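K.L.:
my questions are about this predicted structure, shown below with the sequence.
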Amino acid sequence: MEYIVEKIGMSRTITVPASPVTLLKVKEMKVCEVNDGVAIVAYNDGKKSNKAVEGQQKKYSLSAEFNRFATMTVANTEAGDIDLAPLAEGKVVKTSFNTKGRGFTGVVKRWNFGGGPGSHGHRFHRTGGSIGNAEWPGRVMKGRKMSGQHGNTLNTVKNEIISFDAENGVLVVKGAVSGPNGALGRLKVVK
């Protein structure tokens, strides 16, 4: 079963030894339609609505707060509120979030290159160095580690469920989850 979750932040348990935990808030969702276990789900991501979304809200008789739609597998068999029972019974989840975006970076930051000497007339400090071959094959090979977009990629990790507060919709999972606080991602119950 899948859910849309918002990362609240990280904390730790007060047990000995303490273990790092991540707090995730399960977003309020409505199941609009279910076909063969795959459902269309409406939720709120805090962004403005548009005419296309307003048409979908009218079609499924939703209030204005549900302004985004996603397809996912759910425990529900019919339209209505999302079923949170699998979270209370679950032991392990997979969380998928986008990592923090760091923009266009060089090879030292992006690939952890060492760089060259910093003094005595050297002009090779934080550059990537030579990238191609001389005569054959005479081109830059695919997959070469070069400067470019760093971060903002989808990352999925397995986490163990520590506790679930059904009243407030807060899930506590062991370990770290990618992305900044306030980021939206998907959570899938594995066991």
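P.N.:
It's in. Numbers count the residues shown, from 1 in each chain.

K.L.:
got the contact list for the closest residue to I4 other than its chain neighbours?
P.N.:
Using CB to CB, 6 or more residues apart in numbering and skipping residues adjacent in sequence, the residue nearest I4 is K27, 4.5 Å away. Placement of C-beta: from N, CA and C, glycine included. Contact partners of K27, counting by CB atoms under 8 Å, 6 or more residues apart in numbering, are 3-6, 43-44, 169, 184.

K.L.:
lowest-confidence one in those residues?
P.N.:
Sorting these by confidence puts N44 at the bottom, with a pLDDT of 86.

K.L.:
number of nearby residues for the closest residue to it other than its chain neighbours?
P.N.:
Closest residue in space to N44, ignoring its immediate chain neighbours: E65 at 5.0 Å, by CB to CB, 6+ apart. The criterion is other CB atoms under 10 Å. On that basis, E65 has 13 neighbouring residues.

K.L.:
go on, N67?
P.N.:
A total of 20 residues lie near N67 under the criterion other CB under 10 Å.

K.L.:
what about the closest residue to it other than its chain neighbours, which SS state?
P.N.:
Once flanking residues are discounted, N67 sits nearest to S49: 4.5 Å by CB to CB, 6+ apart. Classification of S49 into helix, strand or coil gives coil, according to DSSP: H, G, I helix; E, B strand; the rest coil.

K.L.:
quick one: the strands in this structure, in order.
P.N.:
Counting by DSSP state E, residue ranges of the strands within the chain are 2-12, 20-26, 29-35, 38-43, 68-73, 80-81, 92-98, 104-105, 148-149, 154-165, 170-174, 184-189.

K.L.:
residues in contact with the helix or strand of the chain with the lowest mean pLDDT?
P.N.:
Every helix and strand of the chain was ranked by mean pLDDT, DSSP states H and E. The lowest is strand 80-81, at a mean of 82. The contact list for strand 80-81 (CB under 8 Å, 6+ apart) reads 29-31.

K.L.:
for the most centrally placed residue in the chain, name its beta-bridge partners.
P.N.:
The centre of the chain sits closest to F97, judged by CA atoms, centre = their mean, with a distance of 0.7 Å. Legend: beta-bridge partners of F97 under DSSP bridges are N155.

K.L.:
kindly report the same for N159.
P.N.:
Under the criterion DSSP bridges, N159 forms beta bridges with V93.
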